[in-house]
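Asks: Here you go, sequence then predicted model.
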Amino acid sequence: PSAAPAAPSKLVPPALKKRIHQRLLEELDLKHVDYTQASNAEVRTRTAQALTRIVEDFAAEIQAPLTKGDVIQQAMDEALGLGPLEDLLAEPEVDEIMVNAFNRIYVERKGRLHLTDRHFSDNDHVIQVIRRIIAPIGRRIDESSPMVDARLQDGSRVNAIIHPLSLKGPTLTIRKFSKTPYTAEDLIRFGSLSPAIAKFLQVAVENRRNILISGGTGSGKTTLLNVVSACIPRDERIVTIEDAAELKLVQDHVVSLEARPPNIEGVGEVPIRKLVINALRMRPDRIVVGECRGAEALDMLQAMNTGHDGSLTTVHANTPRDALSRLETLVLMAGMELPAKSIRQQIAAAVNLIVQIARLSDGTRRMTSVTEITGMEGDVITMQEIFTFEQTGIGPEGKILGRLKPTGVVPKFVHRLRQSGRNIDLSIFQEGAEAGRPVA
C-alpha cells in the first residue's frame, strides 16, 4: 500500500497530546463519563472550557502552523470522539478505516489502501475508543467476549477484535456508509448499473419478485439492498432484520429489528433466526433480511414461499450458482435433516432473481449478472442469465472498462406481466440493445 500525503505540522505531537489529555482526565474525570451521553451539549461545553484553560498553560509548546484551536479540537476528539479517526471519518473519499495496531492506521480511498500518519497513544487508547463506539448500542468487549460487531450513529459498520484473539493488540475496522443513502441515480453515476437495469429492478420489486443479492466481502451488497428496497411501494409494511442495523429505508412504514448478542452471563441472545420467525407474526408485506449467514435462511425461504412475496436478502457468494449452494448449506445449519432435493425445491420456488455484484481488480464495485431462477430439472435448479457484464478493455490507471449487456433472454415474469396488460418494452432484453435504454 502507498503512504498517504502526511501533514505532521498540523497534528499535535503525541507527547504533548498525552500530557494535555492527562490533565483533562484529572480535571473532569472523563473515565467515568457516560459515553451514551457523550454528545450531550453540556458535557462537550464543560470539556471545551477545561481544554481552553489547559491549552493556555501549554501555549509555549505550540509551534506554527499548529494553532491553539487545532490543539483544542484534536484534544476534544481524543476525549469525547474517536481520537485520530475523527477527521478520517469526516473525509468523503475515505471508504474504510483499518486500525491494524495503535500506530498503524490504514484507509481505503477509491479502492486503494493507504497508510496514514495518524496513530493512537497506545493499545489502551484503541480499546477506549472501541468501548466508546459500542456503549450506546449495548454491546461489550473484554477478554471473555473479545469480538464485537457494531455501528456508528450514521450506520457505518464497525468490527473490533482484541487480545487474546488479536495477537498484536486491538484491531478496529470501520466501513463507512454515506450520511445520505445512495440512490439508483448515484449507482448509475458511479457506473455500477445502467438506467435500464435500474428500471428493470424497480419493475421486479414492484411486482413482488423475491430477490437475492449475492456478492463477496466489500462488494456493496448492503448499499445495493438499500437502493433496491427503495423501490418497495410506500403503502406496504416492511420489516427489516439485521445483525447490526445498517439499512436506511426511505419509506415511512418500516419496523427495524436488530439481533442481540448474549450478555456478560452468556444469556439473553436473540439471533436473526428468532427475529425472522417473530417477523412473520407482525403482518409484514415485505421482509428484508440484511444478510443470510446461518439457519435463518430456512425461515427466510419459508417466508418467501408463504405469502411474503417481494422479500429481499443478501448472501456471501461469488457467482449466482455459488449463491444457491451457499443457501443450501445455510439451510442445513438449521439442524433439520432435509434431503438435498427438497431444499433445492424450496430455493427454486422462493427465489426469483439473483443479482450478482463484485468488487473488480481496480477497486470498483459493479453489478456483474442478473439471473432468473426458472425451476428444477431433476435435482438441479435451473437458471437463465438476463444480463451479464462484458469487459471491453482496461482504461487509464488500470480502470476496467465494460458494461452490463442483455443476453437476449426475456424473464418469464416479464412475459406474465405483459399478458396481464403491463406495457413493458422488450427491446431492453435484445442482444446488442443500448444498455441505457429504459424499460417502459
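Replies: Done, it's in.

Asks: Could you pull up the contacting residues of residue 103?
Replies: Counting by Cβ atoms under 8 Å, 6 or more residues apart in numbering, residue 103 makes contact with 119, 120. Every C-beta, even on glycine, is put in place using the N, C-alpha and C of the backbone.

Asks: Against residue 343, how distant is it?
Replies: 49 Å (Cβ to Cβ, to the nearest Å).

Asks: now residue 209
Replies: Counting by Cβ to Cβ, the gap between residue 209 and residue 343 amounts to 21 Å.

Asks: Give me the more crowded residue out of these two.
Replies: More crowded of residue 209 and residue 343, by other Cβ atoms under 10 Å: residue 343, with 23 against 20.

Asks: Which helix or strand contains the more buried one?
Replies: helix 340-350 (DSSP states H and E).

Asks: Over that helix, what's the mean pLDDT, rounded is fine.
Replies: For helix 340-350, mean pLDDT rounds to 94.

Asks: Following element in sequence after it, please.
Replies: Going down the chain from helix 340-350, the next helix or strand is strand 353-359, by DSSP H and E.

Asks: Mind giving me the packing neighbours of that following strand?
Replies: Strand 353-359 sits against strand 211-215, helix 221-229, helix 320-332, strand 365-377, with contacts defined as 3 or more Cβ pairs under 8 Å, 6 or more residues apart in numbering; DSSP states H and E.

Asks: Strand partners (parallel or antiparallel) of that strand?
Replies: Strand pairing for strand 353-359, using DSSP bridges, gives strand 211-215 (parallel), strand 365-377 (antiparallel).

Asks: okay, these, which one's buried deepest?
Replies: Highest mean neighbour count among these (mean count of other Cβ atoms under 10 Å): strand 211-215, with a mean of 26.

Asks: Show me how far that one is from its chain's centre.
Replies: Centroid separation for strand 211-215 versus its chain: 14 Å, with Cα atoms, centre = their mean, to the nearest Å.

Asks: Go through the helix ranked longest in the chain and flag the buried ones.
Replies: Criterion DSSP state H: the longest helix present in the chain is helix 41-57. Within helix 41-57, the residues that qualify as buried are 43, 47, 50, 51, 54, 55, counting by 16 or more other Cβ atoms under 10 Å.

Asks: Same question for stretch 271-279.
Replies: For stretch 271-279, burial by neighbour count (16+ other Cβ under 10 Å) applies to 272, 273, 274, 275, 276, 279.

Asks: Of those residues, which belong to helices?
Replies: Among the buried residues of stretch 271-279, the members falling in helices (DSSP H) are 272, 273, 274, 275, 276, 279.

Asks: of those residues, closest to residue 400?
Replies: Residue 400 has its nearest neighbour among these in residue 272, at 34.6 Å by Cβ to Cβ.

Asks: And that closest one, how far from residue 290?
Replies: 8 Å.

Asks: So for those two, which residues contact both of them?
Replies: Taking Cβ under 8 Å, 6+ apart as the contact rule, residue 272 and residue 290 both touch 241, 242, 243.

Asks: Export these as CSV, with columns for pLDDT.
Replies: Below are the shared contacts of residue 272 and residue 290 laid out as CSV (pLDDT from 0 to 100):
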residue, pLDDT
241, 93
242, 90
243, 85
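
Asks: Out of these, who's the most crowded?
Replies: Comparing the shared contacts of residue 272 and residue 290 by number of neighbours (other Cβ under 10 Å), residue 241 comes first, having 27 neighbours.

Asks: On the three-state scheme, it is what?
Replies: At residue 241 the chain is in strand, as set by DSSP: H, G, I helix; E, B strand; the rest coil.

Asks: Dig out what it forms beta bridges with.
Replies: Counting by DSSP bridges, residue 241 forms beta bridges with residue 257, residue 289.

Asks: swap in residue 211?
Replies: residue 312, residue 353.

Asks: confidence score at it?
Replies: pLDDT for residue 211: 96.

Asks: Contact partners for it?
Replies: Counting by Cβ under 8 Å, 6+ apart, residue 211 touches 201, 204, 205, 228, 312, 351, 352, 353, 354, 355.

Asks: What's the local residue count around the fifth one?
Replies: Around residue 312 there are 28 other residues, counting by other Cβ under 10 Å.

Asks: Let me see the contact set for it.
Replies: 205, 210, 211, 212, 213, 225, 228, 229, 286, 287, 288, 289.

Asks: Please identify which helix or strand holds residue 362.
Replies: No secondary structure element spans residue 362, as it lies outside all helices and strands (assigned by DSSP H and E).

Asks: check contacts around it.
Replies: Contacts of residue 362 were listed using Cβ under 8 Å, 6+ apart, and they are 111, 397, 398, 399, 400.

Asks: ok, residue 109 touching residue 95?
Replies: Yes: Residue 109 lies in contact with residue 95 (Cβ atoms under 8 Å); the separation is 6.9 Å.

Asks: Could you tell me which ranges of the stretch 301-440 of the chain sit under the pLDDT cut-off?
Replies: Residues of the stretch 301-440 of the chain that meet the criterion pLDDT under 70 lie in 431-440.

Asks: repeat that for 80
Replies: Along the stretch 301-440 of the chain, segments meeting pLDDT under 80 span 307, 397, 419-425, 427, 430-440.

Asks: Do a quick rundown of the helices in the stretch 151-300 of the chain.
Replies: Counting by DSSP state H, counting those that start in this stretch, the stretch 151-300 of the chain has these helices, from start to end: 184-190, 195-206, 221-229, 272-279, 296-305.

Asks: For the third one, give the mean pLDDT please.
Replies: In other words, helix 221-229. The average of the pLDDT scores along helix 221-229 is 92.

Asks: Nearest to residue 336 among the helices of the stretch 151-300 of the chain would be which one?
Replies: Closest to residue 336 of the helices of the stretch 151-300 of the chain, according to Cβ to Cβ: helix 296-305, at 7.0 Å.

Asks: Look at residue 125 and give its secondary structure.
Replies: helix.
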